[in-house]
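> Mind looking at a prediction? Sequence and model below.
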Amino acid sequence: MPRAGLSTERVVERAAQIVDADGLEVLSLSRLAADLGVAPPSLYKHVAGMSDLVQQVSVRAVGELADCLAASVMGRAGRDALQALANAYRAFAHEHPGLYPMTQAPVETLEGESDPMRSMAARRTVDIVTAALAGYRIPDERMVDAVRMTRASLHGFVDIEVHGGFAMDAPIDMSFAILVGSLDVALTAMGGR
């Protein structure tokens with residue numbers, strides 16, 4: 001019988017906290033069990049093992065990113081939506097240094113297949129970005145390109161930034177503003193306005 005107060009949600013939540021604070025490489029079932037005050041075998045009532053745990057943390061990370069992006073663009077359009085989306089994306093990466101990398105690569109199931117729960121969460125993120133870019137009136141056949149360009153630009157900048165790759169003595173915020181401004185110009189051109 002599962003320990004009172006311990007649930008799959010609590011197990012995944014604590015694992016996500018460990019990953020966010022210390023990185024995925026330090027997450028282990030023994031570390032998680034110790035943090036939760038249970039014996040490692042108790043975790044198997046809630047997760048099928050380490051691969052399952054990583055899958056569930058990944059789904060949670062993508063869901064949290066999607067929630068953050070959705071809240072940022074609510075009621076906004078055009079450049080205003082793009083700016084809000086970009087700022088939220090960047091903030092998420094800084095506020096969740098362990099979870100952010102888990103939002104970028106697909107995770108396979110124990111059977112080696114694409115994880116449907118993570119795919120659904122990732123699809124939600126794409127849908128949010130697509131909706132945020134709708135104000136640019138980009139033709140449907142070009143929207144995939146617009147979403148990819150936006151993601152690649154934001155992820156590229158943020159990934160370099162969080163890893164300390166911008167060592168030049170210049171304000172990073174100004175560079176980010178220029179990037180977002182350049183995206184706005186490109187997206188406007190894609191919309192033919």
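Great, that's in hand. Numbers count the residues shown, from 1 in each chain.
> From now on I want contacts and neighbour counts done on CA atoms only, so please keep to that.
Fine.
> same for whichever strand or helix holds Arg123, what does it pack against?
Element membership of Arg123 [criterion: DSSP states H and E] is helix 116-133. Secondary-structure packing of helix 116-133 (3 or more C-alpha pairs under 8 Å, 6 or more residues apart in numbering; DSSP states H and E): helix 50-73, helix 78-95, helix 140-162.
> Compute the inter-axis angle for it and helix 78-95.
When axes from the mean of the first three to the mean of the last three C-alpha atoms, to 10 degrees is applied, the directions of helix 116-133 and helix 78-95 differ by 140 degrees.
> Buried residues of helix 116-133, list them for me.
Under the neighbour-count criterion of 16 or more other C-alpha atoms under 10 Å, helix 116-133 has 117-118, 121-122, 124-126, 128-133 buried.
> Number of residues surrounding Arg142?
For Arg142, the neighbour count with other C-alpha atoms under 10 Å is 11.
> That one: what's it in contact with?
Shown in contact with Arg142 (C-alpha atoms under 8 Å, 6 or more residues apart in numbering): Met190.
> any idea how far it lies from Gly37?
52 Å (C-alpha to C-alpha, to the nearest Å).
> Okay, now the unreliable bits of the chain?
Confidence mapping of the chain against pLDDT under 70 gives the ranges 1-4, 106-114, 193.
> before we move on, back to that, out of the helices and strands packed on helix 116-133, nearest to Ala105?
Comparison of the helices and strands packed on helix 116-133 against Ala105 by C-alpha to C-alpha identifies helix 50-73 as nearest, at 9.1 Å.
> which outside residues touch the closest one?
The contact list for helix 50-73 (C-alpha under 8 Å, 6+ apart) reads 12-13, 15-16, 28-29, 47, 81-82, 84-85, 88-89, 92, 99-100, 102-103, 107-110, 115, 117-118, 121-122, 124-125, 128-129, 132.
> Next, the angle helix 50-73 makes with the helix or strand hosting Val12.
Under the criterion of DSSP H and E, Val12 resides in helix 8-22. With the same axes, to 10 degrees as the basis, helix 8-22 and helix 50-73 are set at 80 degrees to each other.
> Helix 8-22: which residues count as buried?
Neighbour-count burial for helix 8-22, counted by 16+ other C-alpha under 10 Å, picks out 8, 11-12, 14-20.
> ditto for stretch 179-193
Buried-residue list, stretch 179-193, by 16+ other C-alpha under 10 Å: 179-180, 183-184, 186-188, 190-191.
> Please put the alpha-carbon coordinates of it into PDB.
Extracted as PDB, the C-alpha positions of stretch 179-193 are listed here (Å, rounded to 0.1, in the frame of the first residue of the first chain):
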ATOM      1  CA  LEU A 179      16.800  39.600 -31.700                       C
ATOM      2  CA  VAL A 180      13.100  40.000 -31.000                       C
ATOM      3  CA  GLY A 181      12.900  43.100 -33.200                       C
ATOM      4  CA  SER A 182      14.500  41.100 -36.000                       C
ATOM      5  CA  LEU A 183      12.000  38.300 -35.500                       C
ATOM      6  CA  ASP A 184       9.200  40.900 -35.700                       C
ATOM      7  CA  VAL A 185      10.500  42.200 -39.000                       C
ATOM      8  CA  ALA A 186      10.900  38.700 -40.400                       C
ATOM      9  CA  LEU A 187       7.400  37.600 -39.300                       C
ATOM     10  CA  THR A 188       5.900  40.800 -40.600                       C
ATOM     11  CA  ALA A 189       7.500  40.100 -44.000                       C
ATOM     12  CA  MET A 190       6.300  36.500 -43.900                       C
ATOM     13  CA  GLY A 191       2.800  37.800 -43.400                       C
ATOM     14  CA  GLY A 192       3.100  40.100 -46.500                       C
ATOM     15  CA  ARG A 193       2.300  43.300 -44.600                       C
END
